[in-house]
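Participant: Generate coordinates for the sequence data below:
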Amino acid sequence: MRKNNLMGVIAICLTAVVSFTACAQDHKQNQNRLNKMNDVVKHTVLLNNYQNFIPVIGLAEKKIASIGLGYAYQIGFDSLLNKYAPVSSLSAAKYADSTTLNDLEDDLKFYNTIIVALNSDMAKNAKYISFIGNLAKSKEVVVALFGNGNALSSFDQLNAPLVWSSEDNEEAALVVPQFIFGGIGATQMLDKTYSAKYVQGTGYLTQATRLKYTVPEDAGVNSNDLREIDDIVNEGIAKKASPGMVVLVAKDGKVIYNKAFGYHTYDNQIADKVTDIFDLASVTKTTATTPSVMRLVEQNKLKLDTNVGYYIAKARNTPMNGINVREVMLHQAGFIPYIPFHNFVKEGDYSRDSSAAYPTKVADNYYIKKGFFNDFMWPKMLNSPIKTRGSYVYSDISMYVMQDIVEHISEIPEDQYVQQNFYVPLGMQTAGYLPRNRFPKDRIVPTEDDKVFRKTLLEGYVHDQGAALKGGVAGHAGLFGTANDLAIYNQMLLNKGTYGGEQYFTPQTVEMFTSKQSDVSRRGLGFDRWDPDLSKKYPSELASPQTFGHTGYTGIGVWTDPSRNMVYVILTNRVHPTVSEMLGKLNIRPRIQDVINRAIDKSKK
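Facilitator: This is a model prediction of the structure:
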């Protein structure tokens with residue numbers, strides 16, 4: 001038990017599985033940790049990878065379980081697996097008195113991919129070897145073996161992939177899962193013969209295809225140069241910019257900083273964790289609607305220079321008919337910025353109970369009447385005046401329009417489209433709409449205590465009033481997710497459209513949408529960008545001209561800088577309990593970004 005507790009602490013420190021303030025940025029400590037990790041990598045060999053199963057691809061088809069046979073560092077091992085994909089942990093402990101593990105094998109009937117970790121002593125147990133062999137007859141099995149290489153002889157009859165590390169320690173348990181999913185590439189061969197099958201020179205080479213979870217020094221960044229992030233965040237929390245925050249930094253495809261601060265609310269009851277789910281607000285635009293548009297453009301199903309009326313029949317007799325899609329994506333369509341739909345809700349439009357007449361859930365104990373969006377909100381947007389066409393006016397209406405176009409072309413709701421095409425295959429485990437349907441409430445960071453409109457604390461219901469009245473699924477807002485989800489998605493963009501061995505977009509598509517596409521603003525197609533007016537210092541003073549991303553009303557920001565090969569994510573709930581302007585007044589987001597920029601630039605000197 002003591003070893004497992006130690007493993008949990010080390011996993012927390014290294015990968016920031018949860019916020020852990022004892023893991024202060026310390027260059028010497030992290031350099032030592034990196035040396036140990038690199039030593040593990042040098043003593044880890046991938047075997048039996050005949051079918052190129054490692055690194056794991058096709059996450060959309062995988063139902064993965066990790067089997068706990070009593071391996072001392074199972075907690076850390078499983079925590080790293082779950083950075084990449086949803087992996088269920090099943091323990092053999094309750095079958096310990098049985099001479100076989102047939103009952104456990106039966107419990108795995110709904111899984112098609114099984115990962116088993118064990119050390120060299122455990123490999124002497126015939127029951128375990130028989131169990132693994134039986135599983136391998138009908139399922140995809142991956143064995144992670146730690147310790148003495150002589151134990152490889154126990155697997156001479158196994159043809160399933162086997163990752164063997166001669167190290168059997170905490171670091172090895174955190175490194176080997178990254179081999180399995182492609183966070184780290186396999187580079188070694190067996191340096192001696194261990195059995196009739198596992199002979200000197202045996203092994204398979206792989207390339208890194210997904211994010212690696214490591215320390216700043218692994219990307220050449222000195223941990224000490226990132227310490228100021230903690231100071232800035234803690235200042236923001238102390239001055240009520242937000243009750244809590246999560247910050248993530250990825251450099252060169254490696255997550256080098258991921259830490260949670262503060263609490264869900266100011267009553268300090270639930271501490272923020274890096275696995276917490278936040279309301280992503282307008283980052284929905286770049287993480288749901290824009291990639292949907294990108295995919296449809298690539299498939300030649302959507303033309304940027306075709307008018308809105310071509311795709312939306314209801315728009316043909318409205319002022320919106322002649323606007324082209326490109327103008328909508330650039331916020332140059334002339335739409336008014338915002339319609340406060342919640343101000344139009346009157347007595348009789350909503351109910352505190354659901355029914356056939358009030359089917360759309362807006363929040364706990366708040367249901368809007370049937371047809372409120374289609375009969376009132378949507379016509380009001382379609383018929384809103386076109387005032388400044390050709391000029392840049394940021395408008396939420398643009399992404400309501402693009403959502404409708406996406407759904408007309410794809411013929412499925414946008415929330416389903418993005419799950420199927422992006423989030424599930426990428427391994428974005430929490431990203432999506434309507435999180436209360438999928439996750440416990442205490443994992444979702446609350447936003448506003450809405451005293452006026454919904455008259456309840458918003459926990460897992462979108463803060464944006466218009467998106468809420470639409471039922472929580474909108475093109476401009478409604479998406480929820482973790483920092484890790486956003487890091488995965490933006491790393492895919494940084495990789496020019498590829499991630500985990502799969503291609504989501506061509507490099508040309510990524511370049512077109514994320515680069516400056518407007519003659520009158522800084523914008524890309526859907527994406528916000530670095531502002532060439534240097535007096536604005538946007539998104540930060542040291543941001544490069546290549547920087548693209550977006551911010552959200554709840555206080556979040558996501559910025560990708562190809563020149564520094566960097567992704568920066570900050571998640572906050574600055575709207576709790578009511579909207580606070582302190583995040584902006586204190587320049588929390590840009591100041592953190594420039595700490596990162598300076599640290600990376602210093603590492604290049």
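
Participant: residue at max distance from the center of the protein?
Facilitator: What lies farthest from the middle of the chain is Ala196; by CA atoms, centre = their mean that is 43.5 Å.

Participant: what's around the closest residue to that residue other than its chain neighbours, how many residues?
Facilitator: Spatial nearest neighbour of Ala196, chain neighbours left out: Asp156 (6.0 Å); criterion: CB to CB, 6 or more residues apart in numbering. Glycine gets a C-beta too; all of them are placed from N, C-alpha and C. Asp156 has 11 neighbours, counted by other CB atoms under 10 Å.

Participant: show me what contacts Asp156?
Facilitator: 195-198 (CB atoms under 8 Å, 6 or more residues apart in numbering).

Participant: just checking, next helix/strand downstream of the helix or strand of the chain with the lowest mean pLDDT?
Facilitator: When the helices and strands of the chain are scored by mean pLDDT, DSSP states H and E, helix 2-15 comes last with a mean of 38. Moving toward the C-terminus from helix 2-15, the next helix or strand (DSSP states H and E) is helix 27-42.

Participant: Next, the buried residues of that next one.
Facilitator: 27, 30-31, 33-34, 36-37, 39-41 (16 or more other CB atoms under 10 Å).

Participant: Just give me the closest of the contacts of Asp156 to Thr290.
Facilitator: Tyr198 (48.2 Å; CB to CB).

Participant: picking up where we left off before, sort out for me which of the contacts of Asp156 are in strands.
Facilitator: Judged by DSSP state E, the contacts of Asp156 include no members of strands.

Participant: farthest-separated two in the residues you listed?
Facilitator: Ala196 and Tyr198 (8.0 Å).

Participant: Common neighbours of these two, please.
Facilitator: Contacts common to Ala196 and Tyr198, judged by CB under 8 Å, 6+ apart, are 153, 156.

Participant: Which of the helices or strands spans the residue minimising distance to the centre of the chain?
Facilitator: In the chain, the residue lying closest to the centroid (CA atoms, centre = their mean) is Asp485, at 0.2 Å. For Asp485, the host element (DSSP H and E) is helix 483-494.

Participant: Can you check the pLDDT for the nearest residue in space to Leu486 that is not next to it in sequence?
Facilitator: Leaving aside its sequence neighbours, Leu486 sits nearest to Val569 (CB to CB, 6+ apart; 4.8 Å). Note for Val569: predicted pLDDT of 98.

Participant: can you list contacts of stretch 512-522?
Facilitator: For stretch 512-522, using CB under 8 Å, 6+ apart, the contacting residues are 290, 293-294, 326, 330-332, 390-392, 493, 523-532, 538, 548, 560.

Participant: what's the span of it from first residue to last?
Facilitator: 14 Å (CA to CA, to the nearest Å).

Participant: who touches Met377 in this structure?
Facilitator: Counting by CB under 8 Å, 6+ apart, Met377 has contacts 339, 341, 466, 469-470.

Participant: same question, Asn573
Facilitator: With CB under 8 Å, 6+ apart, Asn573 has these contacts: 242-244, 264, 278-279, 445-447, 554-555.

Participant: Can you say which of those residues are buried?
Facilitator: Burial by neighbour count, judged by 16+ other CB under 10 Å, picks out 242-244, 264, 278-279, 445-447, 554-555 from these.

Participant: Among those residues, name the ones in strands.
Facilitator: Using DSSP E, the buried ones among the contacts of Asn573 in strands are 244, 278-279.

Participant: Reformat the residues you listed into JSON lines and put distance to Tyr433 and pLDDT next to each item.
Facilitator: Shown next, in JSON lines, are those (distance: CB to CB, whole Å; pLDDT from 0 to 100):
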{"residue": "Gly244", "distance to Tyr433": "23", "pLDDT": "98"}
{"residue": "Phe278", "distance to Tyr433": "13", "pLDDT": "98"}
{"residue": "Asp279", "distance to Tyr433": "11", "pLDDT": "98"}
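
Participant: Would you mind giving the secondary structure of Ile67?
Facilitator: strand (DSSP: H, G, I helix; E, B strand; the rest coil).

Participant: got it, and Phe376?
Facilitator: helix.

Participant: Please work out how many residues are found near it.
Facilitator: Counted with other CB under 10 Å, Phe376 comes out at 17.

Participant: How about it: what's its closest non-neighbour residue?
Facilitator: According to CB to CB, 6+ apart, the nearest residue to Phe376 is Phe344 (7.2 Å).

Participant: Tell me how many other residues crowd the closest residue to Gln200 other than its chain neighbours.
Facilitator: Distance criterion CB to CB, 6+ apart; nearest residue to Gln200, sequence neighbours excluded, is Thr193 at 4.8 Å. Thr193 has 14 neighbours, counted by other CB under 10 Å.

Participant: Might one say that the residue nearest to Phe376 is in contact with Asp375?
Facilitator: No. Phe344 lies out of contact with Asp375 (CB atoms under 8 Å); the separation is 12.0 Å.

Participant: Would you state the strands of the stretch 301-450 of the chain in chain order?
Facilitator: 350-351, 360-363, 366-368, 449-450 (DSSP state E, counting those that start in this stretch).

Participant: Paired strands for the second one, with orientation please.
Facilitator: Paired neighbours of strand 360-363 in the sheet (DSSP bridges): strand 366-368 (antiparallel).

Participant: Give me the contacts around the partner strand.
Facilitator: For strand 366-368, with CB under 8 Å, 6+ apart as the criterion, the contacting residues are 345, 349-355, 358-362, 454-456, 469, 471.

Participant: Drop anything exposed from those residues.
Facilitator: Applying 16+ other CB under 10 Å to the contacts of strand 366-368 flags 345, 350, 358, 360-362, 454, 456, 469, 471 as buried.

Participant: Could you list the low-pLDDT ranges of this structure?
Facilitator: 1-25 (pLDDT under 70).

Participant: what residues go with each domain of it?
Facilitator: Domain assignment of the chain by automatic domain parsing yields the ranges 2-211, 215-270+530-605.

Participant: closest one to Lys301 among the ones you listed?
Facilitator: domain 2-211 (20.9 Å).

Participant: now that closest one, how far from the centre of its chain.
Facilitator: Remark: domain 2-211 is offset 23 Å from the chain centroid, using CA atoms, centre = their mean, to the nearest Å.

Participant: Assess the claim that Thr287 and Phe480 are in contact.
Facilitator: No. If you go by CB under 8 Å, Thr287 and Phe480 don't touch, sitting 10.5 Å apart.

Participant: Deepest in the core, which of the domains of the chain is it.
Facilitator: domain 215-270+530-605 (a mean of 20; mean count of other CB atoms under 10 Å).

Participant: what's the straight distance from one end of that domain to the other?
Facilitator: 19 Å.

Participant: All set now, cheers.
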